[in-house]
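Participant: For reference, the sequence and a predicted model appear below.
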Amino acid sequence: MSFRPTFWPTLITLPMLAVLLALGVWQLQRMEWKASLIEELTLRGSGPVIALPLDARIPAADLLYRPVTVTGRYMHEAEMHLLNRVRGSVPGMNLVTPLLRSDGGPTILVDRGWVPLDWTGTPTGGGEEVVVTGVVRTPPEPGFFVPDNRPENNDWYFLDPVGMARSAGILPFPDYYIYATAEAPAQRPAGDEAAPREEQPPYPLANEWRVDLPNDHMSYAVTWFMLAGALLAVYVVYHASWRRRRG
């Protein structure tokens, strides 16, 4: 028995089928692009640690995910709390603090790591020079359900360099920040006989760096191809039943 498609079901089905197949192919292309991106970022992150460039005009894309080191003094009086951060199932927040660079470069935001919710804050006295090691990152766009920042309460739900600079009362930060994985006091000059340094406090807990970009495009592609197959099956079954009714 020959298959004879009817006009209107075919006119509706073919464009829909083409769209579903195109979406599946697009997701396969996205999968290859994301795999290449993850590989590139992983290679960047495993490269040698470099000194953070002085020139703030260097595009963030050229520095993104590169391991860097920078020396300076934290503005503890402008310490900001990035809320809703969990470490080992324990709720807390990340400390975000401006760093006044010792090399004269622009002040930069540093995500220093995690502290518990009852953190009382870093003492503002002292302000010794520290060496910060981390990776360069750019603030992600806040999701639809992320609350608005409340600078007046020092409640920050997403990184906002412009708003944070305004809150700290300093010039705008570069469009990237340092995701710190380690920090240590700067070395004293030779012959400095000052008293030994006090033991470092347990907080903040340093960030643990990894490339965390998901690559779920294969499952999306399979979904679109399955929908295309289901549409084609409905089309064939419809015509089979239609011919039986006509017969």
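Facilitator: Good, I have the coordinates.
Participant: and the gap between the spatially most central residue of the chain and F158?
Facilitator: Centroid check for the chain by Cα atoms, centre = their mean gives P140 as the closest residue, at 5.1 Å. Distance, P140 to F158, using Cβ to Cβ, to the nearest Å: 7 Å. Any C-beta I mention is one placed from the backbone N, CA and C, and that applies to glycine too.
Participant: ok so, going back, checking the residue nearest to the centre of the chain next. Helix, strand or coil?
Facilitator: Three-state assignment for P140 (DSSP: H, G, I helix; E, B strand; the rest coil): coil.
Participant: likewise the one 4 residues further on?
Facilitator: Applying three-state DSSP to F144 yields a three-state assignment of coil.
Participant: Number of residues surrounding it?
Facilitator: 4 (other Cβ atoms under 10 Å).
Participant: try L227
Facilitator: If you count neighbours by other Cβ under 10 Å, L227 ends up with 17.
Participant: what helix or strand does it sit in?
Facilitator: Secondary structure assignment for L227, by DSSP states H and E: helix 217-246.
Participant: Check which helices and strands that helix is in contact with.
Facilitator: On a contact count with 3 or more Cβ pairs under 8 Å, 6 or more residues apart in numbering; DSSP states H and E, helix 217-246 meets helix 7-45.
Participant: pLDDT of the helix it packs on, averaged?
Facilitator: Helix 7-45 shows a mean pLDDT of 91 in the predicted model.
Participant: For that helix, which residues meet the burial criterion?
Facilitator: 13, 17, 20-21, 23-24, 27-28, 30-31, 34, 41, 44 (16 or more other Cβ atoms under 10 Å).
Participant: Could you do stretch 135-142 as well?
Facilitator: V135, V136, R137, T138, P139.
Participant: what's the closest non-adjacent residue to L37?
Facilitator: Distances taken as Cβ to Cβ, 6 or more residues apart in numbering place L213 nearest to L37, at 6.7 Å, with adjacent residues excluded.
Participant: contacting residues for that neighbour?
Facilitator: Contacts for L213 (Cβ atoms under 8 Å, 6 or more residues apart in numbering) come out as K34, L37, I38, L41.
Participant: Can you list phi and psi of it for me?
Facilitator: With angles defined as degrees, to the nearest 10, L213 sits at phi -80, psi 120.
Participant: swap in W156?
Facilitator: Backbone dihedrals for W156, given as degrees, to the nearest 10, come out at phi -120, psi 130.
Participant: Report the contact partners of it.
Facilitator: Contacts for W156 (Cβ under 8 Å, 6+ apart) come out as M80, H81, L82, L83, V96, N149, R150, M164.
Participant: which SS class is the fifth one?
Facilitator: Secondary structure state of V96, per three-state DSSP, is strand.
Participant: Pairing partners for it in the sheet, please.
Facilitator: Judged by DSSP bridges, the bridge partners of V96 are M80, D111.
Participant: Surely it is in contact with V110?
Facilitator: Yes. Using Cβ atoms under 8 Å, V96 makes contact with V110 at a distance of 7.0 Å.
Participant: quick one: common contacting residues for those two?
Facilitator: Shared contacts of V96 and V110 (Cβ under 8 Å, 6+ apart): Y177.
Participant: How much space separates P91 from P5?
Facilitator: From P91 to P5 the distance is 59 Å (Cβ to Cβ).
Participant: who has more neighbours, those two?
Facilitator: Legend: neighbour count by other Cβ under 10 Å for P91 and P5, higher for P5 (14 against 11).
Participant: roughly how far apart are that one and I12?
Facilitator: Taking Cβ to Cβ, one finds P5 at 11 Å from I12.
Participant: cool, and P123?
Facilitator: 70 Å.
Participant: One more: I108?
Facilitator: As judged by Cβ to Cβ, I108 and I12 stand 57 Å apart.
Participant: same check, this time on L82
Facilitator: Distance from L82 to I12, by Cβ to Cβ: 50 Å.
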